[in-house]
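Participant: Give the three-dimensional model of this entry:
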Amino acid sequence: MMNERDLLKLLRALRRGALTPAQALERLRRPPVSDIEFARLDHHRELRCGFPEVVLCQGKRKEDVAQIAARLLEHAGRLLLTRATPEVYEQVRAIFPRAVYHARARAITCVRGRNPRGKGLVALLTAGTADIPVAEEARVTAEMMGARVETRYDVGVAGIHRVLSAGDLLRRAHAVVVAAGMEGALASVVGGLVSCPVIAVPTSIGYGASFGGLAALLGMLNSCAPNVSVVNIDNGFGAGYIAAIVNARRG
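Facilitator: The predicted model follows:
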């Protein structure tokens, strides 16, 4: 059960003769999955996808989350837990004192060694201040994946000059995340201003006819800006993940 760093160490040991081919093969035969009775953990996720398995805390017992986190941290240098409560954080901190709770994002980050150094640039915008918690989930995710993130919050279309004033940031960005509720129009506006991908996040903010974010979701899906892609309602994690992947390719 090894991550990319462990695999490189194994290959280097093989090259310098510290391991025989048979010994290396035996290590590679070890299953990449841990079975902890109630969960099966994928320790090769980082090797395949570039980032370790992420833990969604919602719906899980805090004791179970802590046990999952402990096992994952045995094999990974960094760990992200989303939709976490303060009670879950206290449970995780008991087994990893360096864990950090990002209250607005409802996320927990655990990093062994140095924090990831931000590269490239992801721009993160919200239409209003009520969209910030979803955007913060995207920010924490993208930063954990090694992206540098700059934010401009409360730049919605009700005052279009506000997003226009962020033009320099938008031109420098490798990817842009836009979180917006109500009618979700900001994503289309931003899409018409930039040459990079725009990841739109509909949020469940708005009055009755917004249907808990469905109106924003449909508006974003029907965007006439061809560089706009859309994630699910309130899915800041998904938006930050995609933006970080785009950024890594270009950054």
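Participant: ok, which stretches of the protein are helices?
Facilitator: 4-15, 21-29, 45-49, 62-73, 86-95, 132-144, 161-164, 167-172, 186-191, 214-221, 236-250 (DSSP state H).
Participant: by contact count, what packs against the shortest one?
Facilitator: Read that as helix 161-164. Applying 3 or more CB pairs under 8 Å, 6 or more residues apart in numbering; DSSP states H and E, we find helix 161-164 packed against helix 186-191. Placement of C-beta: from N, CA and C, glycine included.
Participant: how far does the lengthiest strand in the chain sit from the chain's center?
Facilitator: Once the chain is assigned using DSSP state E, the strand that runs over the most residues is strand 119-126. Remark: strand 119-126 is offset 12 Å from the chain centroid, using CA atoms, centre = their mean, to the nearest Å.
Participant: And for stretch 140-149?
Facilitator: Distance, centroid of stretch 140-149 to centroid of chain: 7 Å (CA atoms, centre = their mean).
Participant: Alpha carbons only: can I get that stretch in PDB?
Facilitator: Extracted C-alpha coordinates of stretch 140-149, given in PDB (Å, rounded to 0.1, in the frame of the first residue of the first chain):
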ATOM      1  CA  VAL A 140      -9.300  24.700   0.600                       C
ATOM      2  CA  THR A 141      -9.500  21.900  -1.900                       C
ATOM      3  CA  ALA A 142      -7.500  23.600  -4.600                       C
ATOM      4  CA  GLU A 143      -4.800  24.800  -2.200                       C
ATOM      5  CA  MET A 144      -4.500  21.300  -0.800                       C
ATOM      6  CA  MET A 145      -3.900  20.100  -4.300                       C
ATOM      7  CA  GLY A 146      -1.100  22.500  -4.800                       C
ATOM      8  CA  ALA A 147      -2.800  25.500  -6.500                       C
ATOM      9  CA  ARG A 148      -2.300  29.100  -5.600                       C
ATOM     10  CA  VAL A 149      -5.700  30.700  -5.200                       C
END
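Participant: I'd like the mean pLDDT over it, please.
Facilitator: Taken as a whole, stretch 140-149 carries a mean pLDDT of 94.
Participant: gap between residue 11 and residue 19?
Facilitator: Residue 11 sits 9 Å away from residue 19, going by CB to CB, to the nearest Å.
Participant: More neighbours: those two, which one.
Facilitator: Using other CB atoms under 10 Å as the criterion, residue 11 and residue 19 rank with residue 19 on top: 17 against 12.
Participant: What are the phi and psi values at that one?
Facilitator: phi -130, psi 150 (degrees, to the nearest 10).
Participant: so it makes contact with residue 13?
Facilitator: Yes: counting by CB atoms under 8 Å, residue 19 touches residue 13, with 4.6 Å between them.
Participant: The helices of the chain: which one's closest to residue 228?
Facilitator: Set against residue 228 and scored by CB to CB, the helices of the chain come closest in helix 186-191, at 4.3 Å.
Participant: Thank you, goodbye.
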